[in-house]
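Q: Predicted model and sequence follow; I will ask about them next.
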Amino acid sequence: MAKVKSENRVFENETGVQGQYKNWFLDYASYVILERAVPAIEDGLKPVHRRILHSMKEMDDGRFNKVANIIGQSMQYHPHGDASIGDALVTLGQKDLLVETQGNWGDVRTGDSAAASRYIEARLSKFALEVAFNPKTTEWQLSYDGRKNEPVNLPMKFPLLLAQGADGIAVGLSTKILPHNFCELIEASVKYLRGKKFELYPDFQTGGMIDVTNYNDGKRGGKVRVRARVEEMDKKTLVIRDVPYSVTTTQLMESITKANEQGKIKIKKVTDVTAQDVEIQIDLAPGISPDITIDALYAFTDCEVSISPNACVIVENKPRFITVQELLTYSVDNTKNLLKRELEIRLAELEDKWHYTSLEKIFFEEKIYKELEQKHQSWDKVIDAIDKAFAPYKKKLKREIAREDILKLTEKPVRRIYRLDINELNEQILAIEADIRQVQYDLEHLTDFAVAYFENLLKKYGKGRERKTEIREFDTIQVKQVAIANTKVYLNRSEGFIGTGLKKDEFLCECSDYDDIIAFTKSGIMKVVKVSDKVFIGKDIIHAAVFEKNDERTTYNMIYVDGKSGVSYAKRFNVTGVTRDREYDLTKGSEKSRVHYFTANPNGEAEVVKVILSPNCTARIKELDFYFEELEIKGRGSMGNQVTKYPIKSVKLKEAGKSTLAGRKLWFDDKFGRLNTEEKGKYLGSFEDEKIVVFYKDGTYELTDTEITQRFEPDQVMLIEQFDPNKTITAVYLDQDKNQYNIKRFKIETSTLKTQFLFIKEGAGNRLEAVSTEDEPILVVQTGRGQQVRKAKFKVAKMVEVMGWKAVGAKLTDFSKTIEMSWEPGATKDTAPELF
């Protein structure tokens, strides 16, 4: 029995501990969520930030205060250490919205920390004083020790949470709200008040670029891609002008150095020369393409980062996941309600003021004050007498006369009253009545009043807060295309192995870690494998190379004998997509099938081969020529065409083949500034050995090849097309120095690739206005606005002679801000328009 009791006692004790642990954990989790990590929806602040701002308001006298003093003041409300308060205050100051700073507050771009709290100072900004404080509309509660009152929430009349953003990790959940643009938030608030649709996208202090395609209104599961702006200083140097949000210059340089050490990019050195503006210089290794390196920086370093927003806020003491639009609409509705309460309080104050001023006027104008001179038995009798004297005039008042009103009147010093004093009281009453009418009007038109409030904020504080992060859609970088070939692959043909560890065997090629290798064996087996230390393909490898997925130009020519029938077949095929590590039989599948002849042709070349039959066969002719160009290119699984039914001794190349494929068709995607073969954007033409010419808005042109990895700034490209050296270029440009437009016609005489040549007059502000490569283009010049529009057409081929590409050109017309230029197709003799 005692043993049972003992067991029961132990069991009960364990249950008690488990229960206490469960309760304590829930209490702790609730505390962290509500009091530490997640901001409230009402004012967009975490408790520590709210207490700091309240403390700063208490200390505010217009002058800067030491941050150490602010921390000490805040500790009266915040039950945690000074370090957490100091860090939170520095975060507020670095966001440059509510707190005005003085001293070294660090830099979010470089990761530099702020100076010690005793050395830096802060005060509330004028913006904070206007939007965040009003004791009349604030709900109060006791501080943690019960000694002071602190606000439950600040009466925030602005979508602060969206402007500043927020990060927090609680127990079991986290929040990540990205900052948005100050001006765009106000404009969206006005649109919402007016019943219009609006869109909001993040904007960062660090600048850069952002792709908001998958932002999903800030919901969980959304994602944004953020990039640093990488520019080409020259062919040997790249420069980074800003950093992605949440990445510092130190982190960025470390990621670049790491990628270089891993062989993903090739650079000589990276140098941080950041001062007032971010500037990181990257010196490229010899022979490395700047365009490919820029793509590689985005693919392998922190020059591009993905951020997943997760908008979680406290709503009615519970965490809730909401969207950015819901956050803004709640904030605007809350602002509207606060403005209404302020107007109602203001109206009540004005009505009280009107009531007392009217009493004061009656008190003196009707000489009621003389009751003070009468001999009454007590002070209460005096008050009653004055109240009785007001009886005939109570109808003129808007509410009853309280005893406190009369007491207040008796406290005024009694002196001789002049008509001027009465007139002054009349003017005060009229002014108060005007104010009352205005407040009542604002209450009746509350939406218009709220719109005016937001527009006034934009006017007063919007300057210098324009968008810093450019919104653009990013292209998808193919890692295989930009990865540096930093790995050597070796081949053991007889044993059938391929890998990076076979260094004593035949060298195959250099490739990247992201590449696949395609290999073919004598038995007609094809296999695609990942680059690795050592992988088995099959004995007697006859060909291996780096595999390019979706490559429709590389054509394989093959002659094989079917092991079952002894018939030899020829086939031409592409390999565009396969399953990695799977064996594909390119023959009819018989066990003793063998490949007689095999070539890989990057541009679909079709050679002529000599087929030599076995001397013991019964065929009358023992040698024959076979033309691969007579075969159609089919899939890898096709059987092929019969070459001969007799046994073949050997197949030898007789004549090298020419390409049987049409030129590669290229398009220019002006959205991303990329060449492509997927029919995106403007069609440039079919290319074999032809070049591309690009004309830029700064008055330069460039000849370049058809390399797909090239990058062009789409905003700077005026014209891009297939280069024809016989075409005449017609260009109109602005000569800023002479304040006129010049026109010139010339042919491109340079041949250097990937070098920009200035073909307009050199000078500050000069820019290309129009360019055409038509033989006889017609330039349309439109001037004026509205009903004052005038158009003139110029058949420039007959106006301007062809000159050298460095020539200044001839004057076309004087400069005007209203001029617009465009081209019409060259006119025929029968349909020539009226020309000037």
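A: Okay, I see it.
Q: Quick check: residue 803 touching residue 745?
A: Yes. Residue 803 is within contact range of residue 745, at 6.6 Å (criterion: Cβ atoms under 8 Å). All C-beta spots, glycine's among them, are computed from the backbone N, C-alpha and C.
Q: Which one's more surrounded, the two?
A: With neighbours defined as other Cβ atoms under 10 Å, residue 803 and residue 745 compare such that residue 745 has more, 20 against 14.
Q: Touching, the more buried one and residue 800? I think so.
A: Yes. Shown here, residue 745 and residue 800 form a contact pair, counting by Cβ under 8 Å, at 5.0 Å.
Q: Spell out which residues are contacts of both of those two.
A: Contact criterion Cβ atoms under 8 Å, 6 or more residues apart in numbering; residues bridging residue 745 and residue 800 by contacting each: residue 730.
Q: what residue ranges in the chain score low on pLDDT?
A: Scanning the chain with the threshold set as pLDDT under 70 gives 1-22, 366, 369-377, 412-420, 826-836.
Q: which helix is the longest one in it?
A: Longest helix of the chain, by residue count under DSSP state H: helix 324-365.
Q: same for that helix, what does it pack against?
A: helix 160-164, helix 182-193, helix 403-410, helix 419-444, helix 446-461 (3 or more Cβ pairs under 8 Å, 6 or more residues apart in numbering; DSSP states H and E).
Q: got those helices as CSV, with mean neighbour count columns?
A: Shown next, in CSV, are the helices and strands packed on helix 324-365 (neighbours: other Cβ atoms under 10 Å):
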stretch, mean neighbour count
helix 160-164, 24
helix 182-193, 21
helix 403-410, 15
helix 419-444, 14
helix 446-461, 16
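Q: any chance of those in CSV, with distance to residue 512 too?
A: Conversion of those to CSV gives the following (distance: least, Cβ to Cβ, whole Å):
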stretch, distance to residue 512
helix 160-164, 42
helix 182-193, 42
helix 403-410, 87
helix 419-444, 67
helix 446-461, 51
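Q: Out of these, the one nearest residue 684 is which?
A: The stretch from these with the least distance to residue 684 (Cβ to Cβ) is helix 182-193; that distance is 37.2 Å.
Q: give the contact list for the most centrally placed residue in the chain.
A: The C-alpha lying nearest the average C-alpha coordinate of the chain belongs to residue 210 (Cα atoms, centre = their mean; 1.0 Å). Contact analysis of residue 210 by Cβ under 8 Å, 6+ apart lists 201, 202, 204, 224, 225, 226, 227, 469, 470, 471, 472.
Q: at 7 Å what do you get?
A: Residues touching residue 210, when contacts are defined by Cβ atoms under 7 Å, 6 or more residues apart in numbering, comprise 202, 224, 226, 469, 471.
Q: and the two most separated of these?
A: Comparing the members of the contacts of residue 210, the greatest separation, given Cβ to Cβ, is between 226 and 471, at 10.9 Å.
Q: Would you mind telling me which of these two has more residues around it?
A: Neighbours around residue 226 and residue 471, counted as other Cβ under 10 Å, are more numerous at residue 226. The numbers are 26 against 14.
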